[in-house]
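What follows is a predicted protein model with its sequence.
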Amino acid sequence: MTPNPPPLSTMRRVKRIAPLQLGKMLGLLYGIMGVIFCPIFLIASLFASHGPSAQRVGLMAFGTGFALVLPFLYAAMGFIGGIISAFIYNLIAKWIGGIEVEVE
């Protein structure tokens, strides 16, 4: 019984990123981050209930509304940012090559 040789690692280069796929991935990741940050804004709106009565309702409504819109806003920004980033990466990768990654 002979031992297996260690796997050979190889350098690979990412030459192109599909813009729509990166947009979908970042849109979902940023949307999940928005859901994670929602409780922070909801807690902040609860603390606003202890503020001056003239500002109380406005701050609570803003905090709650922002917490509800935040995941969709983050997802949209991630999607658009992902598409733009992929286009820029693809342009730069044509000029200087891509990112080198070591794989087994």
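Everything's here; your move. Residues are numbered from 1 along each chain as shown.

Find the residue at the geometric middle of the protein.
Tyr30 (3.4 Å; CA atoms, centre = their mean).

Surely it and Ile80 touch.
No: contact criterion CB atoms under 8 Å: Tyr30 and Ile80 do not qualify, at 10.0 Å. (Each C-beta comes from the backbone N, C-alpha and C, glycine too.)

Nearest spatial neighbour of the residue nearest to the centre of the chain, chain-adjacent residues omitted?
Gly78 (2.9 Å; CB to CB, 6 or more residues apart in numbering).

got it, and Lys15?
That would be Gly98: by CB to CB, 6+ apart, it lies 4.7 Å from Lys15.

Look at that neighbour and report its pLDDT.
The model reports Gly98 with a pLDDT of 89.

what's around it, how many residues?
16 (other CB atoms under 10 Å).

ditto for Leu91
9.

give me every residue that touches it.
By CB atoms under 8 Å, 6 or more residues apart in numbering, no residues touch Leu91.
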